[in-house]
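A.B. asks: Generate a structure from the sequence data that follows.
(2 chains)
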Amino acid sequence: GENVEQHPSTLSVQEGDSAVIKCTYSDSASNYFPWYKQELGKRPQLIIDIRSNVGEKKDQRIAVTLNKTAKHFSLHITETQPEDSAVYFCAAGTSSNTGKLIFGQGTTLQVKP
Amino acid sequence: ETGVTQTPRHLVMGMTNKKSLKCEQHLGHNAMYWYKQSAKKPLELMFVYSLEERVENNSVPSRFSPECPNSSHLFLHLHTLQPEDSALYLCASSQDKTGAEETQYFGPGTRLLVL
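C.D. replies: Numbers count the residues shown, from 1 in each chain, chains lettered A, B, ... in the order given. Reported below is the predicted structural model:
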């Protein structure tokens, strides 16, 4: 079945360093890849997304890259800050599969001051 | 933060109880979703409703029964649950039904504990 693998499961970085989270997906028809951030005790919130017609997208300190051939996409956070500490989820969706996002297992990011 | 609301925020119930979770979205969206979030597991899609019609039922046990009376409200009726059903239940909504390319906005969740 459809599957999204996310790595690492935990990531600890020093404030100011960069963090990279990687996901691979199995359904080659997937064409929408959002990233959600979930702070402790709060709801998941979309931080960035990318569609299959684009290879890279950037929004201030966060960027996402997509390699459709290899079926993987990555989240890059530069100049990390303590408030970036949260669980990050990647997901893959397919326009032909109504509403169904397949989520990765999540990465717990800890940014140490 | 008030676009999608859920009540109650916390619920403790016995295995013989019947309870309902409520979700309301104030975003004018046409699609609504129920997800289950358990520790150490990915978000699991349970149900998708589009324009009040169920379009996805992700092999969820019948002890979970959804209801969508209109495009702004979504319920999850619970009966004879098991302890392994304890989890955070998240509601989400999106603008349109035309595939998984729409941003989904999540509610704060209901933390359910089944004793």
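A.B. asks: remind me which residues of chain A are low pLDDT?
C.D. replies: A:1, A:96-99 (pLDDT under 70).
A.B. asks: count of residues packed around the residue of it found nearest chain B?
C.D. replies: Residue of chain A nearest chain B, by C-beta to the nearest C-beta: A:Gly93 (2.8 Å). Every residue, glycine included, has its C-beta placed from N, CA and C. Applying other C-beta atoms under 10 Å in any protein chain shown, we find 28 residues neighbouring A:Gly93.
A.B. asks: May I ask you to confirm that it is in contact with A:Ala29?
C.D. replies: No - assessed by C-beta atoms under 8 Å, A:Gly93 is found out of contact with A:Ala29, at 9.9 Å.
A.B. asks: What parts of chain B come near chain A?
C.D. replies: When proximity is defined as C-beta under 8 Å from any C-beta of the partner chain, chain B approaches chain A at B:4, B:31, B:33, B:40-45, B:48, B:50, B:55-56, B:58, B:90, B:94, B:97-109.
A.B. asks: Of the residues you listed, just the buried ones, PyMOL syntax please.
C.D. replies: Only the buried entries of the residues of chain B next to chain A go into this PyMOL selection, using 16 or more other C-beta atoms under 10 Å in any protein chain shown:
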select buried, chain B and resi 4+31+33+42+43+44+45+48+50+56+90+94+97+99+100+101+102+104+105+106+107+108+109
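A.B. asks: Among the residues of chain B next to chain A, which lie within strands?
C.D. replies: Among the residues of chain B next to chain A, the residues falling in strands (DSSP state E) are B:4, B:31, B:33, B:44-45, B:48, B:50, B:55-56, B:90, B:94, B:105-106.
A.B. asks: of all those, which comes closest to A:Trp35?
C.D. replies: When those are ranked by distance to A:Trp35 (C-beta to C-beta), B:Phe106 comes first, at 13.4 Å.
A.B. asks: which residues sit in contact with that closest one?
C.D. replies: A:Tyr36, A:Arg43, A:Pro44, A:Gln45, B:Val4, B:Tyr35, B:Leu90, B:Cys91, B:Ala92 (C-beta atoms under 8 Å, 6 or more residues apart in numbering or on different chains).
A.B. asks: quick one, what contacts residue 66?
C.D. replies: By default, I'm working from chain A. A:Phe33, A:Ile50, A:Ser52, A:Val54, A:Gly55, A:Glu56, A:His72, A:Phe73.
A.B. asks: that's the wrong chain, I meant chain B
C.D. replies: With C-beta under 8 Å, 6+ apart, B:Pro66 has these contacts: B:Trp34, B:Met46, B:Phe47, B:Tyr49, B:Arg54, B:Leu74, B:Phe75, B:Leu76, B:His77.
A.B. asks: Distance check, it against B:Asn58.
C.D. replies: B:Pro66 sits 11 Å away from B:Asn58 when distances are taken as C-beta to C-beta, to the nearest Å.
A.B. asks: Likewise for B:His29?
C.D. replies: From B:His29 to B:Asn58 the distance is 20 Å (C-beta to C-beta).
A.B. asks: and B:Arg111, what is it in contact with?
C.D. replies: B:Arg111 is in contact with B:Arg9, B:His10, B:Leu11, B:Leu88, counting by C-beta under 8 Å, 6+ apart.
A.B. asks: any idea how far chain A is from the first one?
C.D. replies: What that stands for is B:Arg9. Counting by C-beta to the nearest C-beta, to the nearest Å, the gap from B:Arg9 to chain A is 10 Å.
A.B. asks: Right, I'll call it a day here.
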